[in-house]
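build me a model:
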Amino acid sequence: MTPFQIILMLVAGFFAYQVYVYIQGIDEDAEPESMREAEVVEAPLPSVDELIAEADQAYMNDEIERAGSLLENIVRNYPEIAEARNKLAFVLSKQGDYEGAVREYEASLEIEANDDMTHNALATLLASIDENERAQMHYKKAIEIDDNYEVTWFNYANLMLKLDKKDEARQMYQRAFDIDPDFEQAREALESLK
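Prediction:
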């Protein structure tokens, strides 16, 4: 036998011994690695409510971008959830993406057409970007759905005042104040129009 063959035989023997040691150390009752990984995959995913709560918490912690990312992810995975679209619209508006905010509010209204709060929010956003006719349409729809929500009357009055329609504004501020006599802003607006 040549010295090279002896070295090869010793190397092969060493590897054979290492395999034997490894096999002896295997626990037959242990779960295979792939089973443990499968358990992680099968862990329950958070509910939509939990995801929305996480986005709310991010917003309250002044993590606006994170809140927006979380809400965009929810909307992407659950496009039929109007609440997520409303909150995303609100965040987009805060970030200055008015076009995106309008789009999300409108998508929310396609899901829940009779949500006066969304009509009110959309109208207020539209008024802020001088889309006054569309804003009026949504304020009217919000009032048609619930004419007893003082904030809609107040916001609509602000638009009327902006359009220099003081009489209409006064009537709307009065309506807001009649609904809620503790509505300090409505009282102050009425006094300023006397």
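
need the three-state assignment for E50.
helix (DSSP: H, G, I helix; E, B strand; the rest coil).

what's the burial count for it?
10 (other CB atoms under 10 Å). Every C-beta, even on glycine, is put in place using the N, C-alpha and C of the backbone.

now do V75
19.

in what helix or strand does L45 lie?
Of the helices and strands defined by DSSP states H and E, none includes L45.

next up, the contacts around the most centrally placed residue in the chain.
With distances taken as CA atoms, centre = their mean, L71 lies nearest the centre of the chain, 3.0 Å away. L71 is in contact with 52, 55, 84, 87-88, 91, counting by CB atoms under 8 Å, 6 or more residues apart in numbering.

mind doing that once more with 6 Å?
By CB atoms under 6 Å, 6 or more residues apart in numbering, L71 lies in contact with 55, 84, 87-88.

so which residues of this protein form helices?
Applying DSSP state H to the chain gives helices spanning 3-24, 33-41, 48-60, 64-77, 82-94, 98-111, 116-128, 132-145, 150-162, 166-179, 184-192.

separation between R76 and L70?
As judged by CB to CB, to the nearest Å, R76 and L70 stand 11 Å apart.

from the structure, what's the count of residues near the residue nearest to R66 when sequence neighbours are not counted?
Spatial nearest neighbour of R66, excluding adjacent residues (CB to CB, 6 or more residues apart in numbering): A58 at 4.4 Å. Applying other CB under 10 Å, we find 19 residues neighbouring A58.

and what of the one 4 residues further on?
With neighbours defined by other CB under 10 Å, the count for D62 comes to 8.

pretty sure N114 contacts I145?
Yes. Look at N114 against I145 with CB atoms under 6 Å: they come within range, at 5.4 Å.

of those two, give the one with the bigger neighbour count.
I145 (17 against 12).

what's near enough to touch that one?
114, 116.

any idea how far it is from F90?
19 Å.

ok, now M172?
On the measure of CB to CB, M172 and F90 end up 24 Å apart.

check A176 too.
22 Å.

low-scoring stretches of the chain, by residue?
Scanning the chain for pLDDT under 70 picks out the ranges 1-17, 19-43.

just give me the neighbour total for the closest residue to E106 other than its chain neighbours.
Nearest residue to E106, sequence neighbours excluded (CB to CB, 6+ apart): L122, at 7.1 Å. Neighbourhood size, L122 [other CB under 10 Å]: 29.

buried ones in stretch 145-152?
Going by neighbour count (16 or more other CB atoms under 10 Å), the buried part of stretch 145-152 is 145, 149-152.

what's the answer for stretch 124-143, then?
Neighbour count says stretch 124-143 has 124-127, 131, 135-136, 138-139, 141-143 buried, by 16+ other CB under 10 Å.
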